[in-house]
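All I have is the shape, not the residue letters:
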DNA sequence: GAGCACTGC
């Protein structure tokens, strides 16, 4: 039986790759395993573990590891260890499909650590291998390294370590197993294009198809056909059904399948009806609430409900409604009282953590209902979920390079997402998943989500390719070719920013841009700021722009009050817009002394205080990179009071990165973009939303929702526009 | 006068 759970795709892949198969077979013994795959374990506190291990002797660490070994041996991957290793040793590339709970991300790297690895030219020099395991998310990399070092019997940063942005716990000579984010490995690749210190590279969660994993796979394919032909092995790990895509890409690499350990999840669909089509998104909130009430009523107490909705708007609406009606329902129907909790990225952190806390009064007649976006699909694991209700929708940002703008669309999810969401009900015990669409509609869903690289702006990825020395980007080893026109748009954009010359070769400036952890546009802004001697101020703003969800959305009741407050505090910002506001906020934040003061200040202005801490880190990192590139920083003494000429200088730097993102004020008080002449409106989240008298505006983002909106808007003068355009033309 | 899903360096 055991040997059947791992197979070569040449035999019977069809049966094993049935996308409609239930989440788990019946053979499962209901045994609780302490960790599932690499799901993010919120119970871990890395600092605690570090402090804890610090006091342990080597011997004690080994003893701890011995204890864990018993548990490890029960994992499906462990039970197939020899067979898996046989495949890996016989092939350059292996694709491994490990279901949730199979232990693939923790165990397979450890198996490899024990293998002797002979360098290709020298059979005598047998060394212990070095392994890199990539993850799409920081938390996952950190938690995995923490867990595995414990199993291995060492401290984090010794034989087992990790490397993520702002946090590196690994040592060059000691660490042999390193968990890192895929962005980090790409950075290593830019500095050492052969990745010469690794013998094995494992790309985990490859099915998520982030731009960065796609790029890595493309590079690895090049490496194993040329420079590292005989001494680098690759394992592509994926939880769902893209195995054949990866296998084909790597010349029919063998596919291994390891069953997981999750509990069965029963699935229910809504019944067919003629007019209740899913095209009608307007009533998702309503049907979601109906289902919640029904399930709360029909299912036994014990086990919380996780609901997937497309966005913040729907979630807030549903939460408000539910919390209003739940006391009434509870009173009249004697069903558990519903406690509705929202969960999405822009939610203040203290509200986010509420979903993890057990309801305060023990054994009360209450049930948690969590209404979440996609954040709960992969990034966050909530304990205690037994029921999932899936609207089948999500929001995607789609970049349209033809128009230079992005659109935000509500779209049906893929079958893979469906099963990922359903799986959230089966982490701790058997569960149920209710889908708010019928079975025919399910059948029509795409198998996978569209890979990111198809729908995003790829200007930065192209710069990376150029930096690593790829000459012909159109015919590169793309796992998925983003299309000629998208590539050409990126090349053109880089040429206009001065990152490429007319032959499409990377310039010195382009090389510098590639090293900065920013979009090429923002990189260009800070490089320009060096020349204009306003790097300090521009760095403040760029660091703020780099943090997502820095300015949180105030709740409706507090909205006007907070807008007023922001406006009255930022004198220059209220006149010149959001970028200057960020500079002012940055200075205010830094002038506060205690962290309690800072936190309170953030709260009052509805600013993420964790976000602001990140701003400071990013600013430091950018400064470091600028020094490395060879720029002399102006030094802090230049920090004088801002005046008009400074504001002008700062905004002109931004024009150098965003000359295309400008619009001119019309007599009817609308704005028309300089690039295409389209009408564009200032986004309601901007400080300039009420200000209708700008001669021209500059914005860092152009989004189309109900109409075209400019985000992060600044007031500029027409003459600045001319100046910058002339300079840009001259330098070509 | 109206609203952005999620990551990463």
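Yep, that arrived. All figures in this text were calculated on a predicted structure; none of them were measured in a lab.

Check whether the host helix or strand of residue A:351 comes near DNA strand B.
Using DSSP states H and E, residue A:351 falls within helix A:349-352. No - shown here: helix A:349-352 not in contact with DNA strand B (CB under 7 Å from any atom of the strand), separated by at least 9.3 Å. The C-beta positions use only the backbone N, C-alpha and C, and glycine is treated the same way.

Which neighbouring elements make contact with the helix or strand following that helix?
Going down the chain from helix A:349-352, the next helix or strand is strand A:366-372, by DSSP H and E. In terms of contacts (3 or more CB pairs under 8 Å, 6 or more residues apart in numbering; DSSP states H and E), strand A:366-372 is packed against helix A:284-298, strand A:304-308, helix A:312-333, strand A:337-343.

which residue packs closest to residue A:212, ignoring adjacent ones?
Sequence neighbours aside, residue A:182 is the residue nearest to residue A:212 in space, at 4.1 Å (criterion: CB to CB, 6 or more residues apart in numbering).

which intervals of the stretch 401-550 of chain A have sub-threshold pLDDT?
Counting by pLDDT under 70, the stretch 401-550 of chain A contains no low-confidence segment.

one step back: turn the helices and strands packed on strand A:366-372 into CSV, including mean neighbour count, distance to DNA strand B and mean pLDDT.
Formatted as CSV, these follow (neighbours: other CB atoms under 10 Å; distance: least, CB to the nearest atom of the strand, whole Å; pLDDT from 0 to 100):
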stretch, mean neighbour count, distance to DNA strand B, mean pLDDT
helix A:284-298, 18, 13, 91
strand A:304-308, 26, 11, 95
helix A:312-333, 16, 3, 87
strand A:337-343, 21, 8, 91
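
would you list those in JSON lines and tack on distance to residue A:217?
As requested, those are arranged in JSON lines below (distance: least, CB to CB, whole Å):
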{"stretch": "helix A:284-298", "distance to residue A:217": "35"}
{"stretch": "strand A:304-308", "distance to residue A:217": "29"}
{"stretch": "helix A:312-333", "distance to residue A:217": "33"}
{"stretch": "strand A:337-343", "distance to residue A:217": "31"}
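
Out of these, which is closest to residue A:242?
strand A:304-308 (21.6 Å; CB to CB).

name the helices or strands packed onto the one helix or strand residue A:560 maps to?
Element membership for residue A:560 (DSSP H and E) is helix A:559-569. In terms of contacts (3+ CB pairs under 8 Å, 6+ apart), helix A:559-569 is packed against helix A:571-576, helix A:578-591, helix A:595-605.

my read is residue A:554 is in a helix, agree?
No - secondary structure assignment places residue A:554 outside any helix; it is coil (DSSP: H, G, I helix; E, B strand; the rest coil).

Tell me the residues on the stretch 101-250 of chain A that lie near DNA strand B, please.
A:136-139, A:164-165, A:181-184, A:187, A:210, A:212.

before we move on, back to that, from the helices and strands packed on helix A:559-569, which stretch is densest packed?
helix A:578-591 (a mean of 21; mean count of other CB atoms under 10 Å).

Just the element for residue A:186, please.
Going by DSSP H and E, residue A:186 is part of helix A:182-191.

so where's the stretch 601-732 of chain A shaky on pLDDT?
Those would be A:634-644, A:728-732, if you go by pLDDT under 70 across the stretch 601-732 of chain A.

What residues does it have near DNA strand B?
A:681, A:683-685, A:689-690, A:701, A:703, A:705-707, A:709, A:711.
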